[in-house]
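> Mind looking at a prediction? Sequence and model below.
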Amino acid sequence: MATTKSGPSASRQNLIITLALERLTGEPEQSFTNDAMRRGSELEPLARGAYEAHTGELVELASFVTDPRWANVGVSPDGLLGDDGLVEFKCPASQAKHFAALSNGAHAKEYRWQVQGQMWITGRQWCDVVSFDPRFPEAGSRNHARAAR
């Protein structure tokens, strides 16, 4: 969804082309993983445990979710909550980014398109977007902002 003053961003255009080529050729592009993605994957179980301890809610792990109405559309939420909720964990490497999440919920704004897509495909009504950083003191180690339709 990223745009510049003159139109779609280069990363957006590259993703559109990659997806189109995958559909045309039937061959998936090699998946990309960077340090931030690896960090998130490694810390997600800790974030989930901290969230469950903080809220008393048990997170049901989710796999890839598709909607039969939309071919080639699916999402991978980090977890399901009850009958109508989702949870998405963010574990930023930047302490300043985590602090912004704690201060003003910036993480919910940054990931709004991802979260909206997850709610659209799953039919869930809300999503807790959680920022987690184990380097922060216990009282400030997590923050969540609820995104709703």
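Ah, there it is.
> contacts and neighbour counts: CA atoms only from here.
Noted.
> quick one: contacts for the residue lying closest to residue 123 once chain neighbours are set aside?
Of all residues not flanking residue 123 in the chain, residue 84 sits nearest, at 7.6 Å (Cα to Cα, 6 or more residues apart in numbering). Neighbouring residues of residue 84 by Cα atoms under 8 Å, 6 or more residues apart in numbering: 123-126.
> Redo these as a markdown table? Include secondary structure and neighbour count.
Shown next, in a markdown table, are the contacts of residue 84 (DSSP: H, G, I helix; E, B strand; the rest coil; neighbours: other Cα atoms under 10 Å):
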| residue | secondary structure | neighbour count |
| --- | --- | --- |
| 123 | coil | 14 |
| 124 | coil | 19 |
| 125 | coil | 16 |
| 126 | strand | 19 |
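> Pull the most distant pair out of the residues you listed.
Of all pairs drawn from the contacts of residue 84, the widest gap by Cα to Cα lies between 123 and 126 and measures 9.2 Å.
> Give me the three-state assignment for residue 129.
Taken by DSSP: H, G, I helix; E, B strand; the rest coil, the conformation at residue 129 corresponds to strand.
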